[in-house]
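[1] Have a look at this prediction, sequence included:
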Amino acid sequence: MIVRYRAQALADIEEIYSYLLARSPQGAQNVLRAIYAAIHLLAEQPYSSPITDMHGIRVKALTRYRFKIFYGVMGERIEIIHIRHTSRRPWP
């Protein structure tokens, strides 16, 4: 499947990386690798994650790092909508 990123998701990735880079450059790399590995898995198995209360949006929770990837499946592509840490307030 083709993977597309919304502007919000790209901004989320940049924000996550910038925040972690100041604290641990290696940690920032590890988290980004985990996020992109999860997205790669979603491209191979788009229906493997549960659907949310929001119409057509699924959520993939990373196990090692506490992030959630919100995405939608649209035909032959998945669209990454938002990525957030689980300690933040729930996404409306």
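    Received it, and whenever you're ready, just let me know what you need. Numbering: from 1, shown residues only.

[2] so who does the residue nearest to Arg66 when sequence neighbours are not counted touch?
    For Arg66, ignoring the flanking residues on the chain, the nearest one in space by C-beta to C-beta, 6 or more residues apart in numbering is Thr86 at 4.2 Å. Where C-beta positions appear, they are placed from N, C-alpha and C, glycine not excepted. Thr86 makes contacts with 61, 66-68, as judged by C-beta atoms under 8 Å, 6 or more residues apart in numbering.

[3] ok but Asp53 is inside a helix, no?
    No. Counting by DSSP: H, G, I helix; E, B strand; the rest coil, one finds Asp53 to be coil, located in no helix.

[4] how deep is it tucked in, by neighbour count?
    Per other C-beta atoms under 10 Å, the neighbour tally for Asp53 reads 5.

[5] ok, it to Tyr71 distance?
    15 Å (C-beta to C-beta, to the nearest Å).

[6] and if you look at Pro46?
    On the measure of C-beta to C-beta, Pro46 and Tyr71 end up 8 Å apart.

[7] which residue is nearest the centroid of the chain?
    With distances taken as C-alpha atoms, centre = their mean, the chain has Ile69 as the residue nearest its mean C-alpha position (2.8 Å).

[8] And what about that residue, helix, strand or coil?
    Using three-state DSSP as the criterion, the local structure at Ile69 reads strand.

[9] For the chain, give the helix that spans the most residues.
    The residue-count maximum for a helix in the chain (DSSP state H) belongs to helix 25-44.

[10] Where does pLDDT dip in the chain?
    Screening the chain residue by residue with the criterion pLDDT under 70, one finds the ranges 88-92.

[11] try 80 this time
    Within the chain, the stretches with pLDDT under 80 are 87-92.

[12] Of all the residues in stretch 21-33, which ones are buried?
    Neighbour counts over stretch 21-33 (16 or more other C-beta atoms under 10 Å) mark 28, 31-32 as buried.
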